[in-house]
Every structure is written in C-alpha cells, then in structure tokens.
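Asker: quick check, what structure comes out for this input:
(2 chains)
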Amino acid sequence: MAFVSQAVDRVFKMNVEMMGLQLLLPEIFVLTMACIVLVLDLFLHDRNRVVTYGLSQLTLFGALALVIALADGDSHTAMFGTYVADPMASLAKAFVMLVVFAVFLYSKDYLRQRDLFKGEYYVLGLFGVLGMMVMISAHSYLTLYLGLELLSLSLYAMVAFHRDSGVASEAAMKYFVLGALASGMLLYGMSLIYGITGSLNIAEVAASIGAMAELELALIFALSFVVLGLAFKLGAVPFHMWIPDVYHGAPTCVTLFIGSAPKIAAFAMAMRLLAESLGGVQADWGGMLAILAVLSLAVGNVIAIAQANLKRMLAYSTISHVGFLLLGILSGTVEGYASALFYAITYAIMAAAAFGMIILLSRTGFEADTLEDFKGLNARSPWHAFLMLLVMFSMAGVPPTVGFYAKLAVIQAVVGVDLLWLALVAVFFSIIGAFYYLRVVKLMYFDEPLDSQPLEYGTDMHVAISVNGLAILLLGLFPGALMSACMAAMGL
Amino acid sequence: MTFEKFIFYVFAAILVFAAVRVITVRNPVHAALHLVLAFFTTAGLWLLLEAEFLAITLVLVYVGAVMVLFLFVIMMLDVNVAPLKEGFARYLPVALPVAILMLVEMVLVVGSHYFSDERMPAPERHGADYSNTRELGSVLYTDYVYPFEIAAVILLVAIVAAISLTLRRRPDTKYLNPADQVKVRREDRVRVIKMDSESRE
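Answerer: Okay, the predicted model is just below:
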C-alpha cells in the first residue's frame, strides 16, 4: 500500500510540476469556489442569502492572498505555454480582486432593496473574475479569446439580470450582438495571424514576426482586425456606441461591475496582443491607436457635456478615459505601458467610487442616477459630498487627486516619444472635460437639495466608500509606490 | 484530374449551392434543411483532408442534434417570413457593390500570394494506421488542456445564464405533489354526515 501511495504521490507531483499547476492556484481556487457557491446557493433560503455574499467575498480575499503569495517578480509560463505568470499579471489580478471586492460590497444593499439579492449575481460575477484572470494571464491567442468570452458571457447575463426591466433587456441585447460581432472580428484577425506565423503562442508569434525579412501586407491586414476587435471591447470611438446604452440600461450594480475591473483586464489583453505578440509592427498599430485615442478624447468629452443622466455621463467619460489609456499604450515604450497600467488601475478605483456613490444615494424604489439627484448633497451629507468631490476632481485630473498624476504620467510618456501634438490634444480635451465634472461639484455645493430624505446606507458601505474615496486622495498624494509597482510590472 | 479532385469539386459545388440556398429560400424549414446539406457536404470535404473524427462529429453533433432542435424551434415559433424580406430589393443596389468591393479589397490584400503552395506546402499523407482521433485526444488533454478546461467553464456559465434568465416560478400553475397525493386518507377528502330521515309531513 505504501508503495502505491508513493507512486501516486510521485506521479501527481510530476504532473503538478510539469504543467505548472501551482502557478494556476488562484484560478483553480476561484473556479472551485464559484462552483461551491453555485451549488450551495441552491439550498439557501432567501433570508440566508448573505452566506452567498460572504463566501464570494471570501473567495476574492483568498484569491488575492494566493496571487500575492505566488508573486516572485519573475515570469513563468505554464500549461504548455498557454499560461503566463509575470509581475504584470500579479499586479493586475490583485487590483481586479480589490475592485471587485468593493463592487460586491456596494451591490449588496442595492440588490436587496430591489428584490434582486440572488446568488446568480455573485456566481456570474465570480465567473467574470475568472475570465479576467484568464485574460490577464493568457500566453496564447486561444486562452486570450476564451478568457474574453468567459468574461463577456458573464457580463451579458448580468446586464439582463433584472428581467422585468425593459431597458436592461434592450441593453443586454445590444451588448450581446455588438460583443459577438467584435469577438468575431478579433477572432478573424487572430486566425489570419495564425495563418501567417503558424502559431498561436504569443512568444512564438513575436519571434516569427521578428524573423521576417520584410513585413507582410497580410500581417497589417490581420492587425487591423485585431485592433478593431480590441477597440470594440475597450469602447474606443468609433466603436463606442454600445457603452452609453449598456451603462444606462443595466442595473447600477452591474454598471459598476462592467465599468471598473474589466478595464484592467482589457488593458492586459491589449498589452498581450499588441505589445507582447505584435511588438514588431508597433509603428503600424501606434498610428491606428492614435486615431482611436484622439477620436475617443474628442467625442467622449464633448458629448458627456450634454448628458443629464449621471450614468450616461460617466459612460461618455469612460470613453474619454479609454482615449488616455490608448495614448499610454501607443507610445510603445516601457514607461508608456507602465503609465497606461497605472491609468487603468486608478480609473477602475475611480469608477468604483463614482458608481458606488450613485448606489449610496439610491434607495428602495428610487434611482439617484440623474444630475438633479446630486443637487445640494453638501447640505444632506457633507462627508459624502466631499467624497464625490474627490472622485470628480480625480476624473477631471485636478491635483492632488490621483487622476492628475495618472494623466501626467501618460502625457509624459507621449511627449517622451516626440508626439507633442497628441499630448496637446489630450490636455485640450481634458480641459473641456473638466466642465462636466466640475458641474457635478457645483450642483452638490451651491444648489438647494430637491430631495430631503436622509441617506440610507449600512456601516460596511459607509466604511468602504470612505476608504475608496480617500484612496483616490492618498494615491494622488503618494503615487510613488503604485507607480513603481507598475514600472516593476513592465520590467523596469 | 484525379478522382480525389473530382470528388472535391463535386462536394464543393454542392456546398456552395446549399449555402446560397440557406440564405435565399423563403421558407425557414427549407433553409434549415439546406443547412443540413451544407454540414453534410462539409463533413465529406473534411474526410478528404483526413480529418475523419471532426467529420463524424460534425454530422453527429450538428446534423444529428443541433439542426433537429433548430427545426423544432422554427416549427414552434411560426415565424412570419414576409417582413424579414422587406427592403431586400431596395437595399440591393447599395449592398451588392459594397460587398463586392470588400471582397475585392480582401483578395488584393490577403491574396493567393501569402497562402500559396510554395509558402504553405501540403502536409504529407499519413499511412492507413494513422488515427486522427488518437492524435486529437493526445493534444486535447496535454497541450490544450488549459483552453479545453476554460471552454468547459464557458459552457457552465452559459447554462447558469440561460437558466437564471428564463426560469420563472409561476404561482398560478396547478402543481400537484405526488407524495401528498399518495398520503391522502379517506378522512381528508370525504366527510360522512349522519342525517336523520325526515318524516313525510
């Protein structure tokens, strides 16, 4: 018997080491826990639903601990080269966990007030987190695509989750159809690259392009499909049409989920696809991204001014922030990538706080999603008005909040590669954009409140949103630690 | 022309014909049946490429299961086809040139040059003892085990999403619990009342 168990032990150990399973521990943990939560939730009575919530939060916490424990500052591939664990993956995953933790916390009361406090939201959310982790750690086009689909499929279902709402169903339908189209474009580009280079592995594709004597026209053709698919998923102009409708139509807690953590995963996907595998044609995709970035900055900032609905306004603001994100990537330097990663992380934190504030002001049977609802917030709750002020200042890029530093780093990277005109365009549209952020501040501090009902929130919500708001300020005052972590993630 | 080439062209012609019919016939049931024909012919082409496992799977899964379900859905939905065809003739003058232009552009860029015979030589033929199924199985659970597992998770999410979006507990359905029915006693259902007989008066 001892012999058998020894042999089993040895085979198991060999397998684990050969496939690098220990590197996948965070993913395996999240998947296992998601399945446990899914089954356990079936046996729970509605009044005990909080167990589902607690277990989901515990899962994120455990996964965060595993990600941190496994981060050793080196790059390892596993699962026959389809998975990579590198510093960028660890940093991005850690922040995905943190942001989703806040998202789940904010959503709890909102869902309960609307009789939507069901296990599906958390189960689908956990599967979405798994999809993001797979995307972030993808080292093959196949895993990248599958991770993206896993995330998207969870998001489609979450948008349609409030079944009695017509707007939500419409948003889900639009999101699903356009998302499927974008996935098709991305897949078409990937398959062409496979045809040209003969590999799906990111390192092998990069090596194959590097070995080409002259660049092929077909490669640029494939690249344009890849960029198009990416732009759709990121929501860059002119592929942004779905963003306002989906952000507006989805229940606010789902908008909160879509608008925050997936941006970090989308950045990682852009990095894996463009910088790591197609770095050899940087000159070509740099030009394409420049057009997308300028258009996103212009359209996002200008149209946001006309919005009376805060969710729609934040949707257009997302589009303009995507423009900044693209600026960082298109510079093609390590500093640029690091600044874009910094931007993606801080944007996710800001978006979580902004949508969290809408949830905080909402109550049973009332959605605080128009600008009017924020009128005179200072008179009703000075502390929450101050937190919202921090969020708006940060999104506008006013020092000393973190948004200022993020924009500065991106602009520095763009100036560093002698694209001064792009930097000027970015600054110009940021100034236009400051108008609609500051309008919210003006409404909160200088207008009379229309709504005199006291705010309803739990202690956990109060603490979380305060931490989230203050993080924006603290990261702005001391950006060094996160910035150097981003630099280290890019191997600097 | 070798016999193999002859078979290829026959199958290819049938495939193109079936594919065009799928989108041009008016009756959705006919369209579905043409799609079955297209799948079946594709399976034949894959057999020529020595991909016998995939060919059989295509017939079993798509023709045998997916298309049958599809036909059921079409018959149950009773789709009104007339509005779907509206505007076809009106948009054709614009749509057709655009489609042709895109096709020409794609041919110009991708062209035959990049995927020609000398750049992409035909793979060697395998012997009769070569098992396509075994080869697929050996890479599916080794090299591609990670994507394979993620695909399984995607299917799980699809199931969860579909159920959570469509399952409705309706309070007005008349649902009977068999266990309760079995346990019923005579006393629960029938009440025997003693009544005194009344006189005729």
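
Asker: what's the helix or strand containing A:Gly323 packed up against?
Answerer: Applying DSSP states H and E as the criterion places A:Gly323 in helix A:310-330. Under the contact criterion of 3 or more C-beta pairs under 8 Å, 6 or more residues apart in numbering or on different chains; DSSP states H and E, helix A:310-330 touches helix A:217-234, helix A:242-249, helix A:252-259, helix A:261-270, helix A:282-304, helix A:334-361, helix A:402-416, helix A:420-446. For the C-beta atoms, the positions are set from N, CA and C on the backbone; glycine is no exception.

Asker: go with 6 Å
Answerer: The contact analysis (3 or more C-beta pairs under 6 Å, 6 or more residues apart in numbering or on different chains; DSSP states H and E) places helix A:310-330 against helix A:242-249, helix A:282-304, helix A:334-361, helix A:402-416.

Asker: got the angle for it vs helix A:261-270?
Answerer: Helix A:310-330 runs at 20 degrees relative to helix A:261-270, counting by axes from the mean of the first three to the mean of the last three C-alpha atoms, to 10 degrees.

Asker: and for the residue of the stretch 351-492 of chain A found nearest chain B, the neighbour number?
Answerer: Proximity to chain B, evaluated over the stretch 351-492 of chain A using C-beta to the nearest C-beta, is greatest for A:Ile359 at 21.5 Å. Using other C-beta atoms under 10 Å in any protein chain shown, A:Ile359 has 27 other residues around it.

Asker: hmm, it is touching A:Tyr110, no?
Answerer: Yes: using C-beta atoms under 6 Å, A:Ile359 makes contact with A:Tyr110 at a distance of 4.7 Å.

Asker: pLDDT wise, what is the residue of the stretch 351-492 of chain A closest to chain B at?
Answerer: Here, the pLDDT recorded for A:Ile359 equals 91.

Asker: dump the residue contacts of it.
Answerer: Remark: with contacts taken as C-beta atoms under 6 Å, 6 or more residues apart in numbering or on different chains, A:Ile359 is in contact with A:106, A:110, A:252.

Asker: go again using 8 Å as the cut-off
Answerer: A:106-107, A:109-110, A:252-253, A:256 (C-beta atoms under 8 Å, 6 or more residues apart in numbering or on different chains).

Asker: could you work out the most separated pair of the residues you listed?
Answerer: Farthest-apart pair in these is A:Asp109 and A:Leu256; separation 12.5 Å (C-beta to C-beta).

Asker: what about these two, which has more around it?
Answerer: A:Leu256 (29 against 21).

Asker: any stretches of the chain with poor pLDDT?
Answerer: All of this refers to chain A. Scanning chain A for pLDDT under 70 picks out A:1-19.

Asker: please refer instead to chain B.
Answerer: Ranges of chain B meeting pLDDT under 70: B:79-86, B:111-117.

Asker: residue of it with the smallest distance to chain A?
Answerer: Counting by C-beta to the nearest C-beta, chain B gets nearest chain A through B:Ala161, at 3.4 Å.

Asker: identify the residue spatially nearest to that residue, adjacent ones excluded.
Answerer: A:Ala157 (3.4 Å; C-beta to C-beta, 6 or more residues apart in numbering or on different chains).

Asker: so which strand or helix has that neighbour?
Answerer: helix A:141-159.

Asker: so which elements touch that helix?
Answerer: helix A:119-136, helix A:166-197, helix A:252-259, helix A:261-270, helix B:145-166.

Asker: for B:Ala18, find the nearest of those helices.
Answerer: B:Ala18 lies closest to helix A:166-197 among these, at 22.1 Å (C-beta to C-beta).
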